[in-house]
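# Sequence and predicted structure are below.
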Amino acid sequence: MALFGGIDTVFYQVCNMDRSVAFYEGVLGLELLRREGRDWTEFRAGGEQVLALSGELAVAPQGGGATVVLRADDIEAVEAALAEANVQRGKIEDMGGARTIQFFDPDGNELLAIEPPS
């Protein structure tokens, strides 16, 4: 018998909740589900998946940890939106059919967008 039934939430620590909410909602277009001041914010990241932001930190988020991978239908549209918002990002990479682009939120947390093979 499995102990777990799936992933409930993935979250990043952030330094400035307002700036981070503006990025995830405004730039990435994720649906804001719930915000509790500067302590916690949740977004819908497709289906029932939740991406959350946890309490403001004084200086910088903790290093290391997981990387959130967001599924995209059009990787060029993602790259264009990131460029328009002046988001730090890499180049679109071909990963043997799937295409990805690495980018970073305002606190330096790594994210990846992936366009699955067609």
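Looks like it came in fine.
# rest of the way, CA atoms for contacts and neighbours
Will do.
# Give the rounded mean pLDDT of the lengthiest helix in the chain.
The residue-count maximum for a helix in the chain (DSSP state H) belongs to helix 75-84. The average pLDDT for helix 75-84 rounds to 95.
# phi, psi of Asp18?
The phi and psi values for Asp18, taken as degrees, to the nearest 10, are phi -60, psi -50.
# Could you shift the numbering so residue one becomes 316, and keep it that way?
OK, 316 is where the count begins now, so the last one is Asp333.
# any weak-confidence spans in the protein?
Segments of the chain classed as low confidence (criterion: pLDDT under 70) are 316, 318-321, 323, 372-379.
# what about the helices in it?
Using DSSP H, helices in the chain cover 332-336, 390-399.
# hey, which of those helices is tucked in deepest?
Mean neighbour count (mean count of other C-alpha atoms under 10 Å) peaks for helix 332-336 among the helices of the chain, with a mean of 18.
# Identify the residues contacting that one?
Outside helix 332-336, the residues that touch it by C-alpha atoms under 8 Å, 6 or more residues apart in numbering are 329, 353-354, 356, 368, 370-371, 420-422.
# Extract the CA atoms of that helix and return them as PDB.
Output of helix 332-336 as PDB, limited to C-alpha atoms (Å, rounded to 0.1, in the frame of the first residue of the first chain):
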ATOM      1  CA  MET A 332       5.200  38.600  -1.800                       C
ATOM      2  CA  ASP A 333       3.800  41.500  -3.800                       C
ATOM      3  CA  ARG A 334       6.600  41.300  -6.400                       C
ATOM      4  CA  SER A 335       6.300  37.500  -6.500                       C
ATOM      5  CA  VAL A 336       2.500  37.600  -6.900                       C
END
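# so how far is it off the chain centroid?
12 Å (C-alpha atoms, centre = their mean, to the nearest Å).
# now swap in stretch 326-346 and tell me
Centroid displacement of stretch 326-346 relative to its chain, using C-alpha atoms, centre = their mean, is 8 Å.
# same question, stretch 410-425
A distance of 9 Å separates the centroid of the chain from that of stretch 410-425, by C-alpha atoms, centre = their mean.
# gap between the two ends of it?
Stretch 410-425 has an end-to-end distance of 18 Å (C-alpha to C-alpha, to the nearest Å).
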